[in-house]
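Asker: 3D, please:
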Amino acid sequence: MLRPRIIPCLLVHNGGLVKTVGFKTPKYVGDPINAVKIFNEKEADELVVLDIDASVKGVEPNYGLIAKLAAECRMPLCYGGGITSAQQAARIIDLGVEKVSVSAAAVARPGLLGEMAAAIGRQSVVAVIDVRKKSGLFASGHEVCTHNATRTHSQDPVQLAQQLEAAGAGEIVLNAVDRDGTLKGYDLDLAHRLRSALKVPLTVLGGAGSLEHMGALIQRCGIVGAAAGSLFVFKGQYRAVLINYPTPQQKDALFAAALPR
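Answerer: Have a look, this model is predicted:
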């Protein structure tokens, strides 16, 4: 039986583990390898690691770091950052990573996803769509952005998700920029729109501040990936750094309450 996935998302900046708010002001929170070790002990369902420097700087993925992460990680690992070719994706998979994610490169050239799928299998190809609410007095809806939300694009997020699915993505990640680091909950309406429009798995990121927020997402959207950053690296109102993850009993209770019987 398929179950929702509870997924920590780690951001790497200048080689260290950071957390952002609205994709800005990265705060150093520790060593990424140490964080992986802790999530191993806590038996996380899956782990996402995103290098937030590579695409902005136009540099290759950090294969040395990827190799270290893959060697340490005992759960399925998804890595993203700087991937612009199927050859790079294949090299990352060869290092022991299960999934490769792309964002800016996929928005610029959706055909890349098909090339990656041919090289590493569609199940290993993840497309990340960063979205934020449109600004302006009479603006409504959402816009797609890339390069740490410094560039905007005209595509509708739902239509783009369908396009990337058709191009070869085996999974879509919806990342809400304006909810990043706020701990105020997911954008449930947008998540539901994407879930209803897609056939491939969906993971939702941005805004989770409690297990109740994850439960609300699962109740609204069904079998999805519920991802979070701040929730799993901070504790308490003062955001003390403390890596945490729900116990198997907490996850069972969460799913039992959120999913129809």
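
Asker: show residues contacting stretch 188-195.
Answerer: Stretch 188-195 has contacts (CB atoms under 8 Å, 6 or more residues apart in numbering) with 131, 142, 157-158, 161, 172, 174, 176, 202, 204, 216-217, 220-222, 224. Placement of C-beta: from N, CA and C, glycine included.

Asker: now those: which count as buried?
Answerer: Of the members of the contacts of stretch 188-195, the ones counted as buried by neighbours, 16 or more other CB atoms under 10 Å, are 131, 142, 157-158, 161, 172, 174, 176, 202, 204, 216-217, 220-222, 224.

Asker: what ranges does the stretch 51-200 of the chain have for its strands?
Answerer: Secondary structure of the stretch 51-200 of the chain (DSSP state E, counting those that start in this stretch): strands at 77-80, 99-102, 125-133, 142-146, 151-153, 171-176.

Asker: show me the contact partners of the fourth one.
Answerer: Counting by CB under 8 Å, 6+ apart, the neighbours of strand 142-146 from elsewhere in the structure are 55, 103-104, 107-108, 129-134, 151-157, 160, 177, 190.

Asker: so what strands line up beside it?
Answerer: Sheet pairing of strand 142-146 (DSSP bridges) gives strand 125-133 (antiparallel), strand 151-153 (antiparallel).

Asker: and the longest one, average pLDDT?
Answerer: By that I understand strand 125-133. The average pLDDT within strand 125-133 is 97.

Asker: so, low pLDDT: which residues of the stretch 51-200 of the chain?
Answerer: Applying pLDDT under 70 to the stretch 51-200 of the chain picks out residues 137-138.

Asker: number of nearby residues for residue 240?
Answerer: Residues contacting residue 240 under the criterion other CB atoms under 10 Å number 9.

Asker: who's in contact with the nearest residue to it once chain neighbours are set aside?
Answerer: Leaving aside its sequence neighbours, residue 240 sits nearest to residue 234 (CB to CB, 6 or more residues apart in numbering; 6.7 Å). Counting by CB under 8 Å, 6+ apart, residue 234 makes contact with 19, 29, 240-242.

Asker: can I get those in TSV with pLDDT?
Answerer: TSV is the format used below for the contacts of residue 234 (pLDDT from 0 to 100):
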residue	pLDDT
19	96
29	95
240	90
241	91
242	93
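
Asker: just those now: which is nearest residue 197?
Answerer: Using CB to CB, residue 19 is the member of the contacts of residue 234 that lies nearest residue 197, at 29.9 Å.

Asker: the closest one is in contact with residue 232, isn't it?
Answerer: No: with contact defined as CB atoms under 8 Å, residue 19 does not reach residue 232; the gap is 9.8 Å.

Asker: which parts of the chain are helices?
Answerer: Along the chain, the segments classed as helices by DSSP state H run 32-41, 54-57, 63-72, 86-94, 104-108, 111-120, 157-167, 188-197, 211-221, 230-233, 248-258.

Asker: and the last one, C-alpha only, in CSV?
Answerer: The one in question is helix 248-258. What follows is helix 248-258, C-alpha atoms only, in CSV (Å, rounded to 0.1, in the frame of the first residue of the first chain):
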residue,chain,number,x,y,z
PRO,A,248,7.1,5.7,13.3
GLN,A,249,4.3,6.0,15.8
GLN,A,250,3.8,9.7,15.1
LYS,A,251,3.7,9.0,11.4
ASP,A,252,1.2,6.2,11.7
ALA,A,253,-1.1,8.4,13.8
LEU,A,254,-0.7,11.3,11.3
PHE,A,255,-1.6,9.1,8.3
ALA,A,256,-4.5,7.4,10.2
ALA,A,257,-6.0,10.8,11.0
ALA,A,258,-5.4,12.3,7.5
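
Asker: packing partners for it?
Answerer: helix 211-221 (3 or more CB pairs under 8 Å, 6 or more residues apart in numbering; DSSP states H and E).
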